[in-house]
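[1] Fold the stuff below for me.
(chains A and B)
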Amino acid sequence: MQDHPARTSLASKQNLLEVKHVSQRYQTGSGELGPAVLDDVSLILKEDEIVGLLGRSGCGKSSLLRIVSGLVFPASGEVSYLGKPVGGPVDGVAMVFQSFALFPWLTVLANVELGLRAKRVTKDEARRRALKAIDLIGLDGFESAFPKELSGGMRQRVGFARALVVHPNILLMDEPFSALDVLTAETLRTDLLDLWVEGRMPIKSILMVTHNIEEAVLMCDRIIVLSSNPGRIAAEIQVKLHHPRNRLDPEFRQLVDKIYALMTKRPAPAAHGREGAFPGLGFGMALPRVSTNTLAGMIEEIAAEPYLGRADLPALADSLQMEVDELFPVAETLQLLRFAEIEEGDIKLTPAGHRFAEAEVDVRKKLFGDHLLSYLPLAARIKLVLDERPAHTARAVRFLEELEDYMSDEYADRTLKSVVNWGRYGELFAYDETSETFSLENPQ
Amino acid sequence: MQSRFVAFTSLGRKALPNHYDLFAFALVFAAFIAVTHVSHGVTLPLTAPESTVVSLDYKLLPYYALRTTLRMFAAIGASLVFTFVYATLAAKSRRAALVLIPLLDVLQSVPILGFLSFTVTFFLGLFPGSILGAECAAVFAIFTSQAWNMAFSFYQSLRSVPRDLIEVARGFGLSWWQRFWQLETPFAMPGLIWNMMMSMSGGWFFVVASEAIAVGDTTIKLPGIGSYLALAIEDKRIDAVFAAIITMLAVIIAYDQLLFRPLVAFAARFRVELSAGQTQEKSLVAQVFARTRWMRALMRGPGELFQAIALLRMELPLRTSAPGSQSPALSRVIDIVWVVFIGLATIWAGWLIIDYMRQELSVSDVLQSVLYTIFTMVRVILLLALATLVWVPVGVWIGLRPALAEKVQPLAQFLAAFPANVVFPIAVVLIVRFSLNPDIWLSFLIIFGTQWYILFNVIAGATAFPNDLKEAVSNFRIRGWNWWKNVIIPAIFPYYVTGALTASGGSWNASIVAEYVKWGNDTVSAHGIGAYIAEATADGDYPKIVLGVAMMSIFVIMFNRLLWRPLYALAERRLRLD
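    Down below sits the predicted model:
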């Protein structure tokens, strides 16, 4: 950073963007406002910095990015860009998408030109600028290719070129590398950082959303950690390492560990029962979609060498090749079901977890079923209803509607699906997909 | 593959008609009754314009073929414009969609051939003494056979544009006009083109049927293949019938090669898929065109003009309200007012229908029409079952042999486009010659043109059967009935439903033409609602036409909702192979 003359002290920089007390709520199916996604989030983006929004799925980081870009309006609070309130898509802000979001019927060149042509830039000028952006981002020779002919990495380069060509002040990036394989993502990250450090991109600052802790530490000057359900700012961390950063640098590792610990810290119990944030208990708890095979596999992994019942999460993530976004839901489900405990970025098996690891299939299923009944109110509830009814059947809609009082339709659906799967594994109940009915009997 | 693009309003489990259907149905038929009233007063007696003399001279056939084709293109043009306006309105306005979508659903089920007599009188009234009226009526008839499923398909595409692409468009500040041409229309293109092609294939049937129309004592014959055929029937000239068949064959081949295939190949470019597809649509004509220099140079001008138009901003001066600026309370009040208005319109339209029926028809008429509709329904069901028994095994056999399927598939698509009514006279001659029972033998004409939809969809399904499953099947030695029941039928089921659904709709429509056929002075008719409507048309008995068409529409709607939609939903949920 120090090798760029314009980037000296942050304090004297102009505020490009200000987010003040922004809250956002889910829109439920009936069009009413549901539980909060974002709760009182404020942040400032200055010139010459890369700021990372780090959080897990469901923490509202993508919602926040869309609010910042003017695509979505917050339920309350305000966003201002260069001192003026944002009331719709802003000219000086461009976005790069996780899914690339290229128009498949346009060539690379036409994709890059589109934003300019829409704004009435003349054909020749648009062509000149588009070619320059394509050149900058390393897409030379691919101008006439269609997106479906390109590899993921090349497609995301088109995404970058398309964003840069309009010369935005702020570049927003919504998990831009998470749809790419590890090698491609690393190359693209390095290329982007080189361009940034050398000041060759026509932008003033970058706001990026990520769930990858190492990526955030590698790229950002400031990391804002968001907690989940609802999304709040949990911490803000300055990264003062010089570019290019080395992942093996002890300082780098320390920072990664620190953020792991931060992100796995149990949140303070929710003020009123309705919200029930994840490890906090309650009927209306949104459950992640985690397969029982993954849960069992994770327990075995932690129980075996070299961890022997206690594992450091970053190390575990590394050895299992899992992203944080995949690892945390598994770890937390284990914690929820009392098969493991998470503390200080470590995961530790409980005695029940050890028993599970050593048991045969049938015993495992029994144990799993018992824990579901004891620690998962929704599972206990379904079982109770089934036991009480003379016919021992119940429609799924009934539970789904109750869940929708607590969370968005999408989450309610996912939560019920998870319970169905776990319940099936634990042999608590059967579920018939066609009639969407729970029952106690397994089909013959 | 292609059959993904079937157009349905909704695939929910609540398939039964709801109050919006009631509204749509009442409105459609009230409108028809109103048109009848108006055209009654203005235009009777009708005089057929002079310039519509048709001769059986073979040399005129190319000219007639051209006229018929032009009618077809006029109708497809009108359908496209309708699609863009109607579907866009329905997709952008929640309140408009409440009305427009059920309306479209009902219109799709109305056998429009039955209403030919009304539309003819109506358009002749608009352009008295001119041939333009009759032309408009014919084009309108074709339009009504094409527009609805195109509009549905477009509407569905507009509703399912990927969210991130919308965000890109908004982020770059594309205006509504730019968004429509740069994002929404290209995205909808594969579905729209496929439906357009299916529509056109079905349309040939209507163009033939609508060129020569007799309403009461008035007969109108527009120059075209359909009129040529009608005249051949009147004069009992079997040679002319064959000449018409051959001409039609040539027309359909040209249409298939010059339009259908190139367009389907073109549509592949707009698919939103992130890998190059394995199924490559090929078109010889498109390939040749891509290699020519002059033709491409010729097309550059119009292409650039279109691009320039698509990039205009076309801002609407009055669209200043930002989303969310309208208060929810106000929005709710407008909703209530809107629903109340819809309710009142329904009651008024329903009253109009009941009043009309009470004046013109007796209870026995209604009972008779119900009975006849049941006859026709039994016919449609039996023949669909028969066609299924024949074409599913054949289609599976062909589809599992890729080399053969590649050759047969275009043929089946071609046959589906060929207007079956052109060959009806031959069947009639046979029935008259051998004194066959029309109630049985005419039935086959109903399915004659539509069975190919079953065939080519089943072929498509069997072709798409994954190779690893094929290998698993032979590895586990699954054979015989077990193979049919557990392997291939579930695998082709979604495709079969698509084909059978199309065939069923087409068959209902065809019954109007197929249950009542003539050969010179001989009239052969079967008992059924189609013959009922056709006879009423020949007699100029308007109330009976309305009754017959309404009854048929009710049955078709019920048929779709109670049979096809649940089957389709089942196929979507359980039997998708991806």
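
[2] any weak-confidence spans in the chain?
    Assuming you mean chain A. Along chain A, the model assigns pLDDT under 70 to residues A:1-13, A:27-34, A:58, A:266-282, A:442-444.

[3] I was after chain B.
    B:1-21, B:35-53, B:129, B:215-218, B:272-299, B:313-328, B:575-578.

[4] What is the subsequent helix or strand relative to the longest helix along it?
    Counting by DSSP state H, the longest helix found in chain B is helix B:363-399. Counting by DSSP states H and E, the next helix or strand C-terminal to helix B:363-399 is helix B:402-417.

[5] Show residues contacting that following helix.
    Helix B:402-417 is contacted from outside by B:200-202, B:204, B:252-253, B:255-256, B:260-261, B:398-399, B:449-450, B:452-453, B:455-456, B:459-460, B:462-463, using C-beta atoms under 8 Å, 6 or more residues apart in numbering or on different chains. Where C-beta positions appear, they are placed from N, C-alpha and C, glycine not excepted.

[6] Which positions in chain A make contact with chain B?
    For chain A, the residues in contact with chain B (C-beta under 8 Å from any C-beta of the partner chain) are A:66, A:69, A:71, A:73, A:87-89, A:91, A:93-95, A:97-99, A:101, A:103-105, A:114-115, A:117-120, A:146-149, A:155, A:162, A:166, A:434.

[7] Quick check: helices, which of those are part of them?
    Those of these mapping onto helices are A:66, A:114-115, A:117-118, A:155, A:162, per DSSP H.

[8] Pull the most distant pair out of these.
    Across these, the longest distance by C-beta to C-beta is 24.1 Å; it joins A:Arg66 and A:Arg117.

[9] buried stuff in the longest helix of chain B?
    B:365, B:368-369, B:372-373, B:375-377, B:379-380, B:383-384, B:387-388, B:391-392, B:394-396, B:398-399 (16 or more other C-beta atoms under 10 Å in any protein chain shown).

[10] what domains does the record give for chain B?
    Chain B resolves into domains spanning B:55-316, B:360-578 when parsed by automatic domain parsing.

[11] picking that back up, of the buried residues of helix B:363-399, which ones also sit close to chain A?
    Answer for these near chain A: none qualify (C-beta under 8 Å from any C-beta).

[12] show me what contacts B:Gly520?
    If you count contacts by C-beta under 8 Å, 6+ apart, B:Gly520 has them with B:233-236.

[13] For these, which single residue is the most surrounded?
    Among the contacts of B:Gly520, B:Ile233 has the most neighbours (other C-beta atoms under 10 Å in any protein chain shown), with 23 neighbours.

[14] Using the three-state scheme, assign the nearest residue to it once chain neighbours are set aside.
    Nearest non-adjacent residue to B:Ile233, counting by C-beta to C-beta, 6 or more residues apart in numbering or on different chains: B:Pro425, 5.3 Å away. When states are read from DSSP: H, G, I helix; E, B strand; the rest coil, the local structure at B:Pro425 comes out as helix.

[15] Any idea how many residues pack against B:Pro425?
    25.

[16] ok, it touching B:Arg237?
    No - at 9.6 Å, B:Pro425 does not count as touching B:Arg237 under the criterion of C-beta atoms under 8 Å.

[17] in the stretch 401-550 of chain B, which spans are helices?
    Ranges of helices in the stretch 401-550 of chain B, per DSSP state H, counting those that start in this stretch, are B:402-417, B:424-434, B:438-441, B:443-448, B:451-463, B:467-475, B:480-483, B:489-514, B:529-539, B:542-559.

[18] highest average neighbour count across the ones you listed?
    helix B:451-463 (a mean of 27; mean count of other C-beta atoms under 10 Å in any protein chain shown).

[19] Run through who's touching that one.
    B:1-3, B:384, B:387-388, B:390-392, B:394-396, B:398-400, B:402, B:405, B:408-409, B:412-413, B:415-416, B:488, B:491-496, B:498-500, B:502-503, B:506.

[20] circling back to that earlier point, closest to chain B among the ones in helices among the residues of chain A next to chain B?
    A:Gly115 (3.8 Å; C-beta to the nearest C-beta).

[21] quick one: the nearest residue to the closest one once chain neighbours are set aside and B:Trp181, what's the gap?
    Computed as C-beta to C-beta, 6+ apart, the closest residue to A:Gly115 that is not its neighbour in sequence is B:Phe172, at 3.8 Å. From B:Phe172 across to B:Trp181, the span is 14 Å (C-beta to C-beta, to the nearest Å).

[22] And these two? Which one has more around it.
    B:Phe172 (24 against 17).

[23] so what's the one residue in the stretch 301-444 of chain A that gets nearest to chain B up against?
    Per C-beta to the nearest C-beta, A:Thr434 is where the stretch 301-444 of chain A lies closest to chain B, at 7.2 Å. By C-beta under 8 Å, 6+ apart, the contact set of A:Thr434 is B:573-574.

[24] One more pass at 10 Å, please.
    A:Thr434 makes contact with B:570, B:573-574, according to C-beta atoms under 10 Å, 6 or more residues apart in numbering or on different chains.

[25] Domain boundaries for chain A, per the record?
    With domains defined by automatic domain parsing, chain A comprises A:15-264, A:292-439.
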